[in-house]
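Colleague: just a sequence and a predicted model for now, questions to come.
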Amino acid sequence: MGHRTIRNRFLTLLAALAALLPAQAMAWGDYAHRTTASIALANVKPETRAAIARLLKAAPELGVPDCELASLEDAASWPDCLRSDYWRWGYTFAWHYRTAPVCEAYDPRANCSGQNCILAQIERNERILADESLPANVRLEALTFLVHFIGDVHMPLHSGDHGDRGGNDNTTAYGIAPGLNLHWIWDGPLAERAITSSPTPLVRRYSAAERAELGGGTSADWGRESWETARDFVYPNAFDRAPCDGEELPDETALTQEDIERAIPISRRRVTQAGIRMAEYLDKAFAPGPLANEEAR
């Protein structure tokens, strides 16, 4: 079989897979979510790791047998598995993002009525997880949403938008693969390449200095970082011009190999930050005693 035939079949397969994607991708791909959870598990305190293992024993009580929940890595992807059961879980689907126009001032309180956005749900589920008076199944459900949303909020196009549903409406080629969209590329193939091409393993115990440099902040801070990354890098990198220069961006574009190479370290850093910050939130949630009564965000 010739190289051209193989390439054509590969492109046809990618186009077919793209056609099967939901109208709006809601989350980092499974590989990125599981990687962030593995990073977190390698960096939490031993007592936090033990508490997570105990809580996972309540998985059968959630009544979702088709969605595996035996590890923190499973938990990080579990909320996406719920998409197959709209009538039971549809109310949670808006929690996976909070996009804001990249050409307007950033306001973490906008577009989040009734806590129906990712920023509010990170803080809400952390508080539920930390409440030792609640049943184990309630806390376990909160654990899954917490770790999943910490991953999601670090993907730039879950926060930045240019009238295109966070890049979902931009038909984008990924190298030689046509017919994808900008959001899905950042969710899936770009994140996977960023993880697998890292010169050092991302899943490891990080030093105190590394954790200090990569960690810290709140969901609102992380959302702002992602929004700024979308404005200052993702859109300019994809369209070769600033998104707020007064001209409309085209509906179609392409990421060249050079564009992809520039994006890889950005994506890799966001995955790593998500894992380190997840570890911090989990250590805080599983620490004895209640969380500080902070102002609701």
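Modeller: That came in fine, so what should we check first?
Colleague: residues contacting residue 202?
Modeller: 35, 39, 195, 268, 271-272, 275 (CB atoms under 8 Å, 6 or more residues apart in numbering). For glycine as for every other residue, the C-beta is placed from the backbone atoms N, C-alpha and C.
Colleague: could you pull out the strands in the chain for me?
Modeller: Along the chain, the segments classed as strands by DSSP state E run 100-101, 160-161, 171-174, 177-181, 252-255.
Colleague: including mean pLDDT, could those go into CSV?
Modeller: Formatted as CSV, these follow (pLDDT from 0 to 100):
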stretch, mean pLDDT
strand 100-101, 94
strand 160-161, 94
strand 171-174, 96
strand 177-181, 94
strand 252-255, 96
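Colleague: those: which one's closest to residue 209?
Modeller: strand 160-161 (29.5 Å; CB to CB).
Colleague: quick one: contacts of the closest one?
Modeller: So strand 160-161 is contacted by 99-102, 166-167, 226-231, 234-235 (CB under 8 Å, 6+ apart).
Colleague: change it to 10 Å
Modeller: The contact list for strand 160-161 (CB atoms under 10 Å, 6 or more residues apart in numbering) reads 97-104, 106, 111, 166-169, 183, 223, 226-235, 243.
Colleague: got the phi/psi numbers for residue 168?
Modeller: phi -70, psi -30 (degrees, to the nearest 10).
Colleague: against residue 122, how distant is it?
Modeller: Using CB to CB, to the nearest Å, residue 168 is found at 22 Å from residue 122.
Colleague: in terms of neighbours, single out the busier of those two.
Modeller: Between residue 168 and residue 122, counted using other CB atoms under 10 Å, residue 122 has the larger neighbour count: 27 against 20.
Colleague: in contact with that one, which residues?
Modeller: 95, 145-150, 152-153, 218-220, 222-223, 277, 281, 297.
Colleague: let me know the pLDDT of it.
Modeller: pLDDT, residue 122: 97.
Colleague: one more: residue 14?
Modeller: 43.
Colleague: pLDDT score for residue 113?
Modeller: In this model, residue 113 carries a pLDDT of 87.
Colleague: quick one: low-confidence ranges for the stretch 1-150 of the chain?
Modeller: For the stretch 1-150 of the chain, the stretches with pLDDT under 70 are 1-28.
Colleague: for residue 166, give its distance to residue 284.
Modeller: Residue 166 sits 29 Å away from residue 284, going by CB to CB.
Colleague: tell me which of these two has more neighbours.
Modeller: Comparing residue 166 with residue 284 by other CB under 10 Å, the one with more neighbours is residue 166, at 28 against 14.
Colleague: not counting its neighbours along the chain, what's nearest that one?
Modeller: Here the nearest residue to residue 166 in space, its sequence neighbours aside, is residue 157; by CB to CB, 6 or more residues apart in numbering that works out to 4.1 Å.
Colleague: centroid-nearest residue for this structure?
Modeller: residue 152 (2.1 Å; CA atoms, centre = their mean).
Colleague: if we can go back for a sec, which of the contacts of residue 202 fall in helices?
Modeller: Here DSSP state H is the test, and those give 35, 39, 195, 268, 271-272, 275 as lying in helices.
Colleague: okay if I get the residues you listed as a markdown table plus distance to residue 91 and neighbour count?
Modeller: Formatted as a markdown table, those follow (distance: CB to CB, whole Å; neighbours: other CB atoms under 10 Å):
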| residue | distance to residue 91 | neighbour count |
| --- | --- | --- |
| 35 | 28 | 27 |
| 39 | 30 | 27 |
| 195 | 31 | 22 |
| 268 | 33 | 20 |
| 271 | 28 | 25 |
| 272 | 31 | 23 |
| 275 | 28 | 29 |
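Colleague: that's all I had, so thanks and see you.
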